[in-house]
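Peer 1: build me a model:
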Amino acid sequence: MLIEVYHDLLCPWCRIGRRHLELALREWQPPEGREASVRFSPYLLHPSVPPEGLPFREAMAQRLGGGQAALTRTLRHVARDGQAVGLDFRFERIATLPSTRLAHQALALTPAAAQGAFVDELSRRYFEEGENIGELEIVAQAGAAAGWEADGLADRLEQGDGRVEMEAMLELGRRIGQGGVPLFVFEGQYALSGAYPHSELLLLLRRLGQLLG
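Peer 2: Numbers count the residues shown, from 1 in each chain. Purely as a prediction, here's the structure:
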């Protein structure tokens, strides 16, 4: 069963949603021949962010509305939900709201089987270490989790490899009416939007396994 995950790397709910999917897949017993294959596709929550990024708290407060106090409450809520599934969010370490175009470009170059490890490492560096995952060096270093050699990946990104593929996937998402992330598309036919609990995802997987045979 092909599961396409539309996501943005600076979206905390995407990280939480991915963890719920991972937990559901651990429990799911697929029908023979219906083992899950997960592929990641890009979405840009903030497409106007420049390559160098923006000041994190100021940019997020402006986008969410309600000022710094409202932002603090939102981030505490996210951190609490992440902790419930074993994910650490250290928002106090994040200084820069990054552009994720380069990271998505790198993922477009990465085989589907290795994308999950790459996404997890980029997310860890951003949400736990506060690193700017819009920087070439950071993206290239994180690629080691997916089997990349850092200098080789950096060279390919600088040459523009993967950019056309990334833009094509972004355009496909726009054409299908994608309006937010995380979005999970099962076998190209059934879509689920949001960070659903893994118990509900497991139920959906079981039903789709029966439906698809």
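Peer 1: biggest helix in this structure by residues?
Peer 2: Assignment by DSSP state H gives helix 67-84 as the longest helix of the chain.
Peer 1: can you list the strands that the next helix or strand after it pairs with?
Peer 2: With elements assigned by DSSP states H and E, the helix or strand that comes after helix 67-84 is strand 96-97. According to DSSP bridges, strand 96-97 has the following sheet partners: strand 54-55 (antiparallel).
Peer 1: how far off centre is the partner strand?
Peer 2: Taking the mean of its C-alpha atoms, strand 54-55 sits 20 Å from the chain's own mean (C-alpha atoms, centre = their mean, to the nearest Å).
Peer 1: likewise stretch 79-95?
Peer 2: In terms of C-alpha atoms, centre = their mean, the centre of stretch 79-95 is set 15 Å apart from its chain centre.
Peer 1: start to end distance for it?
Peer 2: 17 Å (C-alpha to C-alpha, to the nearest Å).
Peer 1: pull out the buried positions in it.
Peer 2: 79, 82, 85, 87, 89, 91, 94 (16 or more other C-beta atoms under 10 Å). (C-beta placed from N, C-alpha, C; glycine too.)
Peer 1: my guess is the fifth one contacts Thr74, does it?
Peer 2: No: between Phe89 and Thr74 no contact is recorded; they are 11.3 Å apart, counting by C-beta atoms under 8 Å.
Peer 1: OK, contacts around Ser37?
Peer 2: Residues touching Ser37, when contacts are defined by C-beta atoms under 8 Å, 6 or more residues apart in numbering, comprise 1-3, 112-113.
Peer 1: could you pull up phi and psi at Phe184?
Peer 2: Recorded main-chain torsions at Phe184 are phi -110, psi 120, according to degrees, to the nearest 10.
Peer 1: an error on my part: the question was meant for Leu183.
Peer 2: Dihedral angles of Leu183 (phi, psi; degrees, to the nearest 10) stand at phi -130, psi 130.
Peer 1: show the pLDDT at the residue nearest to it when sequence neighbours are not counted.
Peer 2: Closest residue to Leu183 apart from its sequence neighbours, by C-beta to C-beta, 6 or more residues apart in numbering: Tyr6 at 4.0 Å. On pLDDT, Tyr6 comes in at 96.
Peer 1: please give me every residue in contact with Tyr6.
Peer 2: Tyr6 sits next to 41-43, 173, 178, 181-185 when contact means C-beta under 8 Å, 6+ apart.
Peer 1: ok, now Gly177?
Peer 2: Contacts here follow C-beta under 8 Å, 6+ apart; on that basis Gly177 touches nothing.
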